[in-house]
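K.L.:
Based on what follows, work out the 3D shape:
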Amino acid sequence: MRLTVLLLFAACHSQAAPDSAMKLPTGAVRFETPRGPWVVRVEIANTDESRTRGLMYRRDLPQDRGMIFLFPRTEEQTFWMHNTLIGLDLIFLAEDRTVVGVVTAAPQTDTPRTVGKPSRYVVEVGSGEAAAHAVGPGTRAVFIDIPE
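P.N.:
A predicted model of the protein is given here:
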């Protein structure tokens with residue numbers, strides 16, 4: 001009986017794991033905007049597991065913080081917000097680190113989000129931040145402490 005209770009406790013505890021964040025490497029992305037440079041401190045999603053999880057289950061995202069997704073190939077990248085609890089701006093970057101498009105995504109939707117153009121990197125920040133800093137197609141980005 002005691003073993004059963006311990007096993008049930010362990011099973012319930014493991015289901016709580018989505019609330020805890022993965023420990024990811026960090027760096028920064030500096031966007032060169034018409035309003036001046038904007039630096040975003042980012043967690044680096046550079047594995048299949050970290051890219052799949054993304055910012056799911058997060059309850060908040062501080063201003064000027066986000067996540068960068070490093071993909072192995074340049075192709076049309078598509079995201080969905082299932083289990084993502086906060087609204088996000090998705091900033092799609094080409095291989096040369098210029099912005100090819102920005103999409104604002106509502107939380108907890110399964111609608112695919114893409115700009116319909118090939119990209120190699122995607123930076124996620126809080127909803128509205130890209131517009132507040134005038135980030136749009138053609139904006140250049142510089143990676144800081146982001147290994148590839």
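
K.L.:
got any ranges where the protein has weak pLDDT?
P.N.:
In the predicted model of the chain, residues 1-22 satisfy pLDDT under 70.

K.L.:
The longest strand seen in it packs against which elements?
P.N.:
In the chain, assigned by DSSP state E, the strand with the most residues is strand 65-76. Under the contact criterion of 3 or more Cβ pairs under 8 Å, 6 or more residues apart in numbering; DSSP states H and E, strand 65-76 touches strand 26-33, strand 36-45, strand 118-126. No exception for glycine: its C-beta is placed from N, CA and C like everyone else's.

K.L.:
who does it pair up with?
P.N.:
Partner strands and pairing direction for strand 65-76 (DSSP bridges) are strand 36-45 (parallel), strand 118-126 (antiparallel).

K.L.:
tell me which residues in it are buried?
P.N.:
By 16 or more other Cβ atoms under 10 Å, the buried positions in strand 65-76 come out as 65-70.

K.L.:
Quick check: of those residues, which lies closest to V100?
P.N.:
Using Cβ to Cβ, F69 comes nearest to V100 of the buried residues of strand 65-76, at 14.0 Å.

K.L.:
Tell me the spacing between the closest one and R35.
P.N.:
Counting by Cβ to Cβ, to the nearest Å, the separation of F69 from R35 is 25 Å.

K.L.:
same check, this time on A131
P.N.:
With Cβ to Cβ as the criterion, A131 and R35 are 11 Å apart.

K.L.:
Just say which of the strands paired with strand 65-76 is most tucked in.
P.N.:
Comparing those by mean neighbour count (mean count of other Cβ atoms under 10 Å), strand 118-126 ranks first with a mean of 23.

K.L.:
Centre of the chain to that strand, how far?
P.N.:
7 Å (Cα atoms, centre = their mean, to the nearest Å).

K.L.:
Over to stretch 91-98?
P.N.:
For stretch 91-98, the distance to the chain centre is 14 Å (Cα atoms, centre = their mean).

K.L.:
List the contacts of that stretch.
P.N.:
Identification of contacts with stretch 91-98 by Cβ atoms under 8 Å, 6 or more residues apart in numbering yields 31, 74, 77, 99-103, 114-115, 117-125, 130, 135, 137-143.
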